[in-house]
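A.B. asks: Next come a sequence and a model predicted from it.
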Amino acid sequence: MSDPETQYQPLVGAPSQQAAINVPAQGGRPSRAYKVAGLTLLACVLIAGQAMVAYFLLSQSSDIKSLEEQNNNLQTQLTRGRSGSVPMRMHMPMNALSDLMDVSADEVKETKDRFQC
């Protein structure tokens with residue numbers, strides 16, 4: 001680069017000079033390489049998603065087994081408790097029975113008495 005003539009030569013060639021590299025025109029159809037790259041990327045994402053689902057299912061299997069064991073234990077406790085015991089009566093105070101009685105008969109009788117007067 002010590003040559004004074006090469007120091008001042010333009011870096012970009014004039015429009016009349018042709019470039020040695022063929023560059024495809026912008027805005028054209030995507031090349032086959034882009035299509036293959038897109039499909040490859042899509043396949044990789046789908047495979048990664050399937051792998052994540054499988055991992056989560058395998059990691060939850062121990063929790064599912066423990067829940068099944070707890071369910072079986074509760075069922076055996078319930079069946080043991082019912083087999084030996086007599087059904088219990090519901091405890092209810094006697095004064096609550098008056099609240100449960102139908103008062104509509106009393107109301108009908110009162111309305112008849114009003115109209116007869």
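C.D. replies: All right, it came through fine. What you see is a predicted model; the values in this text were computed from it and never measured. Numbers count the residues shown, from 1 in each chain.

A.B. asks: average pLDDT for the helix or strand encompassing Arg80?
C.D. replies: Secondary-structure assignment from DSSP states H and E places Arg80 in helix 32-84. Per-region confidence: helix 32-84 scores 91 on mean pLDDT.

A.B. asks: Does that helix pack against any helices or strands, and if so which?
C.D. replies: If you count contacts as 3 or more C-beta pairs under 8 Å, 6 or more residues apart in numbering; DSSP states H and E, helix 32-84 packs onto no helix or strand. All C-beta atoms are positioned from the backbone trio N, CA, C, and that covers glycine.

A.B. asks: mind checking how far Leu41 is from Glu110?
C.D. replies: The span separating Leu41 from Glu110 equals 84 Å under the rule C-beta to C-beta, to the nearest Å.

A.B. asks: err, Cys44, not the other one
C.D. replies: Taken as C-beta to C-beta, the span from Cys44 to Glu110 is 84 Å.

A.B. asks: What of Ser62?
C.D. replies: 69 Å.

A.B. asks: before we move on, what about Ala37?
C.D. replies: Distance check for Ala37 against Glu110: by C-beta to C-beta, it reads 90 Å.

A.B. asks: between the two, who's got more neighbours?
C.D. replies: Legend: neighbour count by other C-beta atoms under 10 Å for Ala37 and Glu110, higher for Ala37 (12 against 9).

A.B. asks: need the contact list for that one.
C.D. replies: Taking C-beta atoms under 8 Å, 6 or more residues apart in numbering as the definition of contact, Ala37 has no neighbours.

A.B. asks: Tell me how many other residues crowd Arg89.
C.D. replies: Each residue near Arg89 was counted by other C-beta under 10 Å, and the total is 6.

A.B. asks: Then Val53?
C.D. replies: That count, for Val53 with other C-beta under 10 Å as the rule, works out to 10.

A.B. asks: Repeat that for the one 5 residues further on.
C.D. replies: By other C-beta under 10 Å, the residues close to Leu58 number 9.
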